[in-house]
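how does the following fold in three dimensions:
(chains A and B)
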Amino acid sequence: MAINTTEDNGKLIIKIDGRFDFSIHQEFRNAYEGAKSTPKEYEVDMRTTSYLDSSALGMLLLLRDFAGGNNAKISIINTSPDVRKILTISNFEQLFTVS
Amino acid sequence: MKILIADDNNTDRLILKRILTNCGYEVIAAVDGLEAVEFFNDSMPDLVLLDAMMPNMDGYEAAIEIKKATGDRLVPIIFLTSLQEASALAHCLEVGGDDFLTKPYNKIILEAKIKAFERMKLLHDEVREQRNEIQLYNDHMIHEQEVAKRLFDNIAHSGNLNQPNIKHLLSPMSIFNGDLLLVARTPSDMTHIMLGDFTGHGLPAAIGALPVADIFYGMTSKGFSIVDIVTEINKRLSNILPVGVFCCATICEINYRDDSIISWSGGLPDGYIARADEGIIDNIKSNHLPLGVLAPNNFSVETEMRQFSPNDKLYLFSDGLLEAEAPDGSMFGEERLKSVINSYEDASVNVYDDLLKAVADYTQSDKQTDDYTLIEYTIDDLNHNIDTAEDFSDEERQESMEWCFDYDFRPSTLRQFDPLPLVLQILNECSGLKDYRGRVFTVLAELFTNALDHGVLGLDSNMKKSAEGFAKFYLAKKDALDLLEDGFIKIRMEHLPDNESKGGALHIRIQNSGDGFDYSQLKAADNSFSGRGLALVQSLCKSMEYSDNGKQVDVIFDWDYS
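Now for the predicted structure:
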């Protein structure tokens, strides 16, 4: 499994392992659409994410839309320098809390 | 099911035929191999039972002929033989037989084998049919993609891409990876360049390119600035694209009259500006979200302005260039790219060709498989020539008319948008003069900019005398516009036809509410970053006259059906 989902006190944590690209599109969607209760916030853990492509950025936007658009609380954590760079070029810090 | 049997022994053949007929099969009986091949070709049976030893042509030879004739259909061949040696039985399979039965055969086993082959044949036919269907779909799809690609190229890659100072590489896969490269000139001979990269692949990525190209070309030809164009493209894309699909893009406006590049970038890797004998002098950084992500009311356009010198080179590219992979999976990357572009510190180096070669060497692939888009734009003195940019139409000539109108632009208008494209629209109503819209636009744009910058906003043109000052001037203008509360610019255009109605004179008067400015200083500043504009206006018009301490300017523009 490339994606591991856990719930912690109203926070849905989605951990992505390996390449984050279109091949895990469905799995990523299932991760947040399948949540039992509606989470108050989301956390995408990229500690073990090796690579991120533009379709992954699209998937993050879909999550943001699902989680309430401008009111969504989503943080992307443990980003490696490579992953961070891709998020920075796209200026995704304006939409997500990136660390 | 139709079964062909071949046996030279009359008794054996009749018994076999009886058994199979009783099982419900249609049976065709041949007396030797020669007849078997002939019957096979005539009646196309589904299964063949061959005696191995026959006169004229034996079963082995017949099997080879029959297998040749079946093509990609599966027609199982079962050998019937009284031979017992392993080598003879193996030979049955070597020549293309699918199985064998030793005589005298057991009726139950014979029936069971035929049933088994029948099942196998059904499965094979089904797979074959599906394969043919997929093949057909695939052919169809490739055809559609070829048509779509031609359409896409016509729309997305038309414009002025073939100017001599532009070198570009379009990913041959561009329709499927959503890369987009647009170049067009404004009526006042600025060049607009856009390199876009849609997320995703295939048709969804290509569809968004169509409205983008439409807006880009349409608004550029009407004289809108890239600020307006970027705003409009983002608005359209955010309306039509589903969430998660967006367009990373860099858009540049190259203005030869004040030697500036204005740029906006969202989501693409850094573009570079390289100077002859110096190498990279600046980068165009992405400081916005890609187009189509933010709703129009959250979207703001902050552009950057830079000064250029002749022979500067601008490089824009899609991320496919940085991500070009070596056989071991490592990527070409920014450092390698920068070192190639930096080789422009020797102005004789052909950076573009070197760059293509460096990527090809790195990936060890031929250029056809490259999956990135790249443009090199060289600042080139030839582009100053405005007269050649006009596109004279062959429309029927109408009588030249007499008209006059006044526009009065107030702060809210001056702050929010560039009114000139709208003013220019009136010229389309005056046939004949329409062919001169490029020149008229240039005149209007120069005079309007001076009225705004030095009149209404009261900015000092001396600021523009150095490259740093120029950038400061640009920022100061933005701030002053934001704070502007009073003031106006009035444009009066009056058209007087000549006696024979073969042309006319356009009188333009522009007044501003400022405290006045020293227009002679604008004119005198030859060979500096500003000032070339007024010389150009003078060369295009019959007369130009500033009055009232720079608060008013009058020009007369003559034209005729040439």
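
and B:Val227, that's in a helix?
Yes: under DSSP: H, G, I helix; E, B strand; the rest coil, B:Val227 sits within a helix.

count the neighbours of the residue nearest to it when sequence neighbours are not counted for me.
Using Cβ to Cβ, 6 or more residues apart in numbering or on different chains and skipping residues adjacent in sequence, the residue nearest B:Val227 is B:Val301, 4.9 Å away. Just so you know, the C-beta spots here come from the backbone N, C-alpha and C atoms, and that holds for glycine as well. Counted by other Cβ atoms under 10 Å in any protein chain shown, the residues lying close to B:Val301 total 16.

what does B:Lys357 give?
Neighbour number of B:Lys357 under other Cβ under 10 Å is 13.

surely it is within a strand?
No: counting by three-state DSSP, B:Lys357 falls outside a strand, being helix.

please list all residues in contact with the residue nearest to B:Val227.
B:Val301 sits next to B:Val227, B:Val230, B:Thr231, B:Trp264 when contact means Cβ atoms under 8 Å, 6 or more residues apart in numbering or on different chains.

now, which of those lie within helices?
B:Val227, B:Val230, B:Thr231 (DSSP state H).

does B:Ser171 really touch B:Leu181, like I thought?
No: using Cβ atoms under 8 Å, B:Ser171 is not in contact with B:Leu181, being 9.5 Å away.

tell me the pLDDT at the residue of the stretch 51-200 of chain B found nearest chain A?
Using Cβ to the nearest Cβ, the single residue of the stretch 51-200 of chain B nearest to chain A is B:Thr199, 4.3 Å away. Per-residue pLDDT puts B:Thr199 at 82.

which residues touch it?
By Cβ under 8 Å, 6+ apart, the neighbours of B:Thr199 are A:Ser54, A:Ser55, A:Leu57, A:Gly58, B:Gly178, B:Ala205, B:Gly244, B:Val245, B:Phe246, B:Cys247, B:Cys248, B:Pro290.

which phi and psi does the closest residue to the third one other than its chain neighbours have?
So the one you mean is A:Leu57. In this structure, A:Leu57 finds its nearest non-sequential neighbour in A:Ser90, 5.7 Å apart by Cβ to Cβ, 6+ apart. Main-chain torsions, A:Ser90, degrees, to the nearest 10: phi -80, psi 0.

what about A:Ser90, distance to B:Ser221?
30 Å (Cβ to Cβ, to the nearest Å).

comparing those two, which residue is more hemmed in?
A:Ser90 (26 against 17).

tell me who's in contact with the more buried one.
A:Leu57, B:Cys248, B:Gly266, B:Gly267, B:Ser286, B:Leu289, B:Pro290.

same question for A:Ile24.
Here A:Ile24 is in contact with A:Ala2, A:Ile3, A:Ile16 (Cβ under 8 Å, 6+ apart).

so where's the stretch 351-500 of chain B uncertain?
B:366-370, B:381-400, B:428-431, B:467 (pLDDT under 70).

what residues does the stretch 101-250 of chain B put near chain A?
B:Asp197, B:Thr199, B:Gly200, B:His201, B:Val243, B:Gly244, B:Val245, B:Phe246, B:Cys248 (Cβ under 8 Å from any Cβ of the partner chain).

reformat the residues you listed as CSV; add distance to B:Phe39 and secondary structure.
Shown next, in CSV, are these (distance: Cβ to Cβ, whole Å; DSSP: H, G, I helix; E, B strand; the rest coil):
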residue, distance to B:Phe39, secondary structure
B:Asp197, 64, strand
B:Thr199, 62, coil
B:Gly200, 58, coil
B:His201, 54, coil
B:Val243, 66, coil
B:Gly244, 63, coil
B:Val245, 62, coil
B:Phe246, 67, coil
B:Cys248, 68, strand
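
can I have the buried ones of those residues as a ChimeraX selection?
Command for ChimeraX that selects the buried part of those, burial taken from 16 or more other Cβ atoms under 10 Å in any protein chain shown:
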select /B:197,199,200,201,243,244,245,246,248
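
in which helix or strand would I find the one residue in chain A that gets nearest to chain B?
Across chain A, the shortest distance to chain B (Cβ to the nearest Cβ) belongs to A:Gly58, at 3.5 Å. A:Gly58 belongs to helix A:54-66 when assigned by DSSP states H and E.
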